[in-house]
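Student: the sequence and its predicted three-dimensional model are supplied below.
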Amino acid sequence: MQKILTMISDLRQEKYTAVVDFHGNFRSGLVSFLSRSDDRYGYSSSNSREGASFFYTHKFEPSPGVHSRIDDGLMLVSFLLGEQLL
């Protein structure tokens, strides 16, 4: 438990401009929230797991179709940059 409290304290000592969650599960969403960044990017509820999208201020919906998590990540970066990478 002490390690968790130390991690939270360490996170809160920094001021993050933006946080991007490529993983999309509850724990990574919670970490993004605990960062206290005003801009938290992640996948929409249909593409994240365990309710992670609740923690994001900006949600991304990958294009439909079958693709890998790497492709999803590249599409998320494209969304952030405002440029088409794929």
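Tutor: Yes, it's here. Numbering: from 1, shown residues only.
Student: output the below-cut-off pLDDT ranges for the chain.
Tutor: Within the chain, the stretches with pLDDT under 70 are 47-49, 66, 83-86.
Student: for Phe26, give me the backbone phi and psi.
Tutor: phi -60, psi -50 (degrees, to the nearest 10).
Student: can you pull the buried residues of the helix or strand hosting Leu76?
Tutor: Leu76 belongs to helix 69-81 when elements are defined using DSSP states H and E. Within helix 69-81, the residues that count as buried by 16 or more other C-beta atoms under 10 Å are Asp72, Gly73, Met75, Leu76, Val77, Ser78, Phe79. Where you see a C-beta, it was placed from the backbone N, CA and C, and this is true even at glycine.
Student: quick one: the second one from Ile4, how far?
Tutor: If you measure Gly73 against Ile4 using C-beta to C-beta, to the nearest Å, the figure is 27 Å.
Student: just the CA atoms of stretch 69-86, as CSV, please.
Tutor: In CSV, the C-alpha atoms belonging to stretch 69-86 read as follows (Å, rounded to 0.1, in the frame of the first residue of the first chain):
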residue,chain,number,x,y,z
ARG,A,69,-3.6,-2.2,-31.2
ILE,A,70,-0.6,-0.7,-32.9
ASP,A,71,-2.8,0.7,-35.6
ASP,A,72,-5.2,2.0,-32.9
GLY,A,73,-2.3,3.8,-31.2
LEU,A,74,-1.1,5.3,-34.5
MET,A,75,-4.7,6.5,-35.1
LEU,A,76,-4.7,8.0,-31.6
VAL,A,77,-1.5,9.9,-32.3
SER,A,78,-3.0,11.1,-35.6
PHE,A,79,-6.0,12.4,-33.7
LEU,A,80,-3.6,14.2,-31.3
LEU,A,81,-1.5,15.8,-34.0
GLY,A,82,-4.4,16.5,-36.4
GLU,A,83,-2.6,14.7,-39.2
GLN,A,84,-3.3,11.5,-41.1
LEU,A,85,-0.6,8.9,-40.3
LEU,A,86,-2.3,5.8,-41.8
